[in-house]
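Student: quick one, fold the following:
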Amino acid sequence: MRGETESRAMKPAESPSETLPGGIPSRENPGNAASVPPAAPEPGAEFDRPESWTRIMGLPIGWFALLFGVILLCAGLGVLPNTMLAGFAVVILVGAALNWIGGRVPGLRNYGLPTVLCILTPAILLHLGWFPAALAENMEIFTDGSEIGFIDFYVASLIAGSILGMPRALLLKAGARIAVPLIGTIITVFLVVGAVGAALGFGLRDAVLFVAAPIMGGGVGAGIVPMSGIYSEQMGGDAGAYVAQLIPAVIIANVLTIFCAGIFNGITYKGQQFFVGFNGNGQIVRVEGSTDQFKAKAKPTSGSFNVLVVGLTLAATLFLAGSIIAEFVPGLHAYAWTILLAAAIKIFGLMPASFEDAVSSWFGFVSSTLTPALLVGISITFFEFDELGRLLSDWRYPVLVALAVVVAILVSGALGWLVKMYYAETSIAIGMGMTDMGGTGDVAVVSAANRLELMPFLQVSSRIGGALVLLTVSLLIPIIG
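Tutor: Below is the predicted model:
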């Protein structure tokens, strides 16, 4: 009775959505196909529009091919300059082409295929000698060169926009409750994976820093990239070498996480309750009220020129402020201080809402247009097949990766249940949100779990949880590094 009472108490005052995108019946009303669908789009829906087959990056395929041909001709003639302008052209066109190809494959496109193609294809072609050397050199200098620093450009935009664009109520009212499974899961995964890694002879340090941390770090752009910079600064060595060691764990964990999300959907689709508080049918908190106030705004996809330039300037200045603090307070990377500054500004309301919206609009532009560009740059610059082969040849590595995913899912659900959250929803939102591949992984997980309404909470896991992981490794390296 208690579980039924709690479930009824959590129903929003307004009529809930009863069908999912694509006509899939919801858990609350499996038979009603006439109900209003939720606002969240079906993963891969953008690829179903008829014009998506004839346009790439909004351009007719013929025009896109012409632009692509120009960069290939420049590379072939040896006149491709290693400048910011040329770098933008190369990574954007290569990334857009691979992202478009991945989006043409039904089913797999919903589970991160465009992202995987962007990460793996350039590296594979380069390894086989089929990728133009001039393009590869240009992409390396543009992505990681100290004079251009596309990575800093992207990460600063992502950190500032994702945090400042998050609902304040989500940080304040739900923050304390979510913090328990979020922080507890990070600590437990680090301890368990570290201990098992030490027991298996893999090494506590390597298990924590190169398995647990990247898996829990929030994906590639927001996790691996800043994490590699932290490792390079605090342990020495090249950041690119660290990226090559960190990426495999994230890719493997993402596949396992999506598979687990499908299992959760299968065992809860008809509202099954294995114990009181197990299944919230899409609701995450077992208290009276609605979670509507915690829903994130739709990510902006456009903005006026002055709004975008204000967003860019604020994001860049916030990163510079983090760099200043890092200079005087060593021990934490500038990325970590940028995260803390953005969170403080949001929590204490230190910035006008119009400024926050400007940063969020800039983040929307960068994340929606430049993520494939970043991924192909990372692929060429950092991905090493020799390193990948070395890692996978050791049976302990995939075992530890799987262990991290399973522990995160089980522990997050248990801790969420203890603080009046539903076990299944917390496992999906926190455990799976932290072990997937960031933004693309979040979409795939909520789709596989049939719980699109949990997207804001997976964003918290990916962004805030990933930020906590960056802070944690910054503090751990002096101890175990």
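
Student: SS state for Gly197?
Tutor: Secondary structure state of Gly197, per DSSP: H, G, I helix; E, B strand; the rest coil, is helix.

Student: let the chain start at 30 from now.
Tutor: From this message on, residue numbering opens at 30, which makes the last subject Gly226.

Student: and it, what is it in contact with?
Tutor: Contacts for Gly226 (C-beta atoms under 8 Å, 6 or more residues apart in numbering) come out as 232-233, 235-237, 240, 425, 429. Heads up, the C-betas are built off the backbone N, CA and C, glycines and all.

Student: repeat for Gly107
Tutor: Gly107 neighbours (C-beta under 8 Å, 6+ apart): Ala163.

Student: count of neighbours near the closest residue to Leu238 other than its chain neighbours?
Tutor: What sits nearest to Leu238 in space, not counting adjacent residues and going by C-beta to C-beta, 6 or more residues apart in numbering, is Val502, at 6.5 Å. For Val502, the number of neighbouring residues by other C-beta atoms under 10 Å comes to 26.

Student: would you mind measuring from Val502 to Leu487?
Tutor: 21 Å (C-beta to C-beta, to the nearest Å).

Student: got a quick PyMOL command for the buried subset of the contacts of Gly226?
Tutor: The PyMOL command for the buried members of the contacts of Gly226 (criterion: 16 or more other C-beta atoms under 10 Å) is given here:
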select buried, resi 233+235+236+237+240+425+429
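
Student: biggest separation within the contacts of Gly226, which pair?
Tutor: The largest separation in the contacts of Gly226, counting by C-beta to C-beta, is between Val237 and Arg425 at 13.8 Å.

Student: which residue is the nearest non-sequential neighbour of Phe231?
Tutor: With C-beta to C-beta, 6+ apart, the residue lying closest to Phe231 is Arg425, at 4.6 Å.

Student: these two touch, right, the one you found and Gly230?
Tutor: Yes. Shown here, Arg425 and Gly230 form a contact pair, counting by C-beta atoms under 8 Å, at 7.5 Å.

Student: tell me, what's the model's pLDDT at the residue nearest to Gln301 when sequence neighbours are not counted?
Tutor: Leaving aside its sequence neighbours, Gln301 sits nearest to Asn308 (C-beta to C-beta, 6+ apart; 6.2 Å). We have a pLDDT of 84 for Asn308.

Student: for Asn308, phi and psi?
Tutor: phi -120, psi 120 (degrees, to the nearest 10).

Student: same check on Pro89?
Tutor: The phi/psi pair for Pro89 (degrees, to the nearest 10) is phi -60, psi 140.

Student: quickly list what it is bridged to.
Tutor: Arg84 (DSSP bridges).

Student: please name the nearest non-neighbouring residue to the residue nearest to the spatial centre of the chain.
Tutor: The residue lying closest to the centre of the chain (C-alpha atoms, centre = their mean) is Gly467, at 1.4 Å. Spatially, and ignoring its direct neighbours in sequence, Gly467 is nearest to Gly248 (2.1 Å; C-beta to C-beta, 6+ apart).

Student: ok, now Phe412?
Tutor: Here the residue nearest Phe412, using C-beta to C-beta, 6+ apart, is Ala152, at 3.7 Å.

Student: show the pLDDT at the one you found.
Tutor: The model reports Ala152 with a pLDDT of 86.

Student: how about Ser456?
Tutor: 93.

Student: what about the nearest residue to it once chain neighbours are set aside, neighbour count?
Tutor: Computed as C-beta to C-beta, 6+ apart, the closest residue to Ser456 that is not its neighbour in sequence is Gly442, at 3.5 Å. Per other C-beta under 10 Å, the neighbour tally for Gly442 reads 27.

Student: same question, Gly378
Tutor: Gly378 has 10 nearby residues by other C-beta under 10 Å.
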